[in-house]
Each structure stands twice: as structure tokens, then as C-alpha cells.
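Novice: sequence unknown, structure follows:
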């Protein structure tokens, strides 16, 4: 009976302890988030960057860094084989040089063509003037021959001259008329269908205009060559960009955590080959709803390194609702209590000397 009574008392005691503990947990909360609200401690974490070759692939021929090595932004990390790209660049440059020579030759030909056309135009106008003078001379000869013929015809009708004199005058008139016709045909040929306005300097000569148009058409051929050259120049720029991307450089200051590829391996485009630990560091703390409403993104917030007690300045990057223990477990043991916690991510200032893994404490008096 005595041992039964002791067992019953012991059972009642444990029941009371469990009930009290449950009430205490329900009231206060003892999950990680709840404890985080109380302590406001955060572990410093460094952002990690997966570095890869952008849009290029090939054989890895050089590893310029080792694991745990500190690097600066722009430092060479790795290099891929550039043989194929170098050949394409040399070929494209040769094609551009060839087009440069063709364009230069065509430009010279166009200049010579216009110069020759101008010279031909001047000669044609001078020949037209000369032909007009020849026509005037032939016209004067024809007038004189006609007058001589008319005079001798009158004398012959009166029997004053012989028939041979009349025949000579008629022959001279025929020769003068033929000469006149020949000179007019020569002028028409020089005009080439142009309307004779009488002013040689302002007259439009169709043959000359056709020659100018032919030379001008070569300008279109030159423009086509220029466009081809421009396309090759763009192609050359793309190849040079591609060649530059075959050299992998550090995107920012940091430390090499791990080399994910080895010399001699074939590397696919955009595949991570190096894991880089960034100098950008942050830690997370948890605050209550009342404290969260007094904070905002971009706000300065300082903490204390528990290792040596020095203050660590930082800036709030974002504020978000933190999942409670009941949410993570998929249960509702604590009702709505977990919904009052907020996660605050604080990025330390670049000049702060903190190491990943250190603990930063933010006290209530450091919160607004």
C-alpha cells in the first residue's frame, strides 16, 4: 500500500510538472525563432558566388588561382583554349582588309570617273561651239554660192555668159549646200539628242548625264562593300568579346573556396567552375512585431561581436515575416503566437573586420 501511494504521488508530481512546462511553453515559446527574438544573435555569413564562363565553352588550359587564395576584382582565375577563336579573328581581319582595299580602289575609280566625265563634258561643249562656228561659216559660203548662182542664172538667161560658167556656179552651190548639211549633221551628233537652246554652258547633254549616272551607280556598289565591311567589323567585335570571355576574371573581391574544374577538362558554357566567398557579409536576427514596425530597409543598425566586444555597423537589407516552429512542423500547437516574429537581414559595412561564423548580438537598446 505504501509503495502504491508513493507511486501515485510521483505520478501526480510528473503530471503537474508537464502541465506547468506546457503552460510555460505555450505562454513564452521556446522554439528557435522565439529564442531568437529574446537573444537577437546572428551568425555572420558570407555570400558565395558561383563563377562561370559566360556563353563560351572549351578546354581549360590554365588555373591561375588556388583554393583559399584571396583575389581582387578583375584578377585572372582561369583560361580556356583560344586557338579556334584566334583563327576566326585572323580570318575576319583579313576579310576586312580585303574589303578596305576594294573600297579604296572603287573610291578612286569613282573620282576618276567623275573627273573624266567633267573633262568630256567640257570638250563636248567646246566641240559644239566649234561646230556652231563651222555651221556659220558653211552658211555664209552657202549664201555667197546662192547669190553667185542667182547672178549667173540671170546673165545666162540673157546670153551674157557661157553654159560652162553656169555649170560651175551650180556645182559650187551644190558643194556649199552639201557642206552645210554635213556641218549640221555633225552638230546633231555632238548634241546627242539634246535640245539646242543656243547657250552651250546651260545645255543638258544626255550622253554626259548617262556617263555621270554610270559612275554614280558605282557608288551603290561601294556602299554595298561598306555594309559588308561593317558586318565583318561587328563579327570581329563579337569574336573579340568571345576571346575575352575565355579568360575568367574575379567578379569581385573575395576568397577562393573551391575549384570545381581541373586543367584539361572540357568546360560547358555557364557551368560553375569556381566557388568564391564574397566580401559581402550578413547576419539574421529576429524581432517582435512591435519592434519590426520601427525598422525599415536601408536603415543603419549596429551589433556587437561577442568574441571581442567591438561594435559592428551594418545596414538592414530586408524585413520579412519569419516562419514559426508550428508553421515549420505543419501544426498549430501555439496558435497565432509565431506570426509575431520578423526576420531582419543586416549586411555589415565593407570596412568591418568580421569573419564568417562569428556571432553578432543586437541588444534591445540598439533597436529604435
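Specialist: Arrived safely, thanks for sending. This structure is a prediction, so every number in the text was calculated from the model and none was measured.
Novice: and the one helix or strand residue 109 maps to, how far from the chain's centre?
Specialist: Residue 109 belongs to helix 83-157 when elements are defined using DSSP states H and E. Its chain's C-alpha centre and that of helix 83-157 lie 48 Å apart, by CA atoms, centre = their mean, to the nearest Å.
Novice: are there helices or strands packed against it, and which ones?
Specialist: Counting contacts by 3 or more CB pairs under 8 Å, 6 or more residues apart in numbering; DSSP states H and E, helix 83-157 is packed against helix 163-191, helix 206-245. All C-beta atoms are positioned from the backbone trio N, CA, C, and that covers glycine.
Novice: residue farthest from the centroid of the chain?
Specialist: residue 159 (102.9 Å; CA atoms, centre = their mean).
Novice: what helix or strand is that residue on?
Specialist: Here residue 159 is assigned to no helix or strand, by DSSP H and E.
Novice: before we move on, the earlier item: angle of the helix holding residue 109 against helix 163-191?
Specialist: 160 degrees (axes from the mean of the first three to the mean of the last three CA atoms, to 10 degrees).
Novice: hang on, the earlier thing: can I get the helices and strands packed on helix 83-157 in TSV including mean neighbour count?
Specialist: Output for the helices and strands packed on helix 83-157, formatted as TSV (neighbours: other CB atoms under 10 Å):
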stretch	mean neighbour count
helix 163-191	15
helix 206-245	14
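Novice: can you redo those helices as CSV with mean pLDDT and distance to residue 141?
Specialist: As requested, these are exported to CSV (pLDDT from 0 to 100; distance: least, CB to CB, whole Å):
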stretch, mean pLDDT, distance to residue 141
helix 163-191, 85, 5
helix 206-245, 92, 30
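Novice: show me what counts as buried in whichever strand in the chain runs longest.
Specialist: As assigned by DSSP state E, the longest strand anywhere in the chain is strand 272-288. Within strand 272-288, the residues that count as buried by 16 or more other CB atoms under 10 Å are 273-277, 280-287.
Novice: elements contacting the very next helix or strand once past it?
Specialist: Of the helices and strands lying after strand 272-288 in sequence (DSSP H and E), the nearest is helix 289-292. Counting contacts by 3+ CB pairs under 8 Å, 6+ apart, helix 289-292 packs against strand 341-348.
Novice: can you name the secondary structure element that comes next after the strand it packs on?
Specialist: Next along from strand 341-348, by DSSP H and E: strand 359-361.
Novice: packing partners for that next one?
Specialist: Short answer (3+ CB pairs under 8 Å, 6+ apart): strand 359-361 packs on strand 41-43, strand 300-305.
Novice: could the ones you listed go into CSV alongside mean neighbour count?
Specialist: Compiled in CSV, the helices and strands packed on strand 359-361 are given as follows (neighbours: other CB under 10 Å):
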stretch, mean neighbour count
strand 41-43, 17
strand 300-305, 17
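Novice: and those: which comes nearest residue 110?
Specialist: Minimum separation from residue 110 across those (CB to CB) falls at strand 300-305, 68.7 Å.
Novice: can you check what angle separates the closest one from strand 272-288?
Specialist: 100 degrees.
Novice: mean confidence (pLDDT) on strand 300-305, please.
Specialist: Mean pLDDT, computed over strand 300-305, is 94.
Novice: got it, and stretch 53-68?
Specialist: Averaging pLDDT along stretch 53-68 yields 96.
Novice: list the buried ones in that stretch?
Specialist: 53, 56, 58, 60, 63, 65.
Novice: which of those residues fall in strands?
Specialist: Using DSSP E, these in strands are 58, 60, 63.
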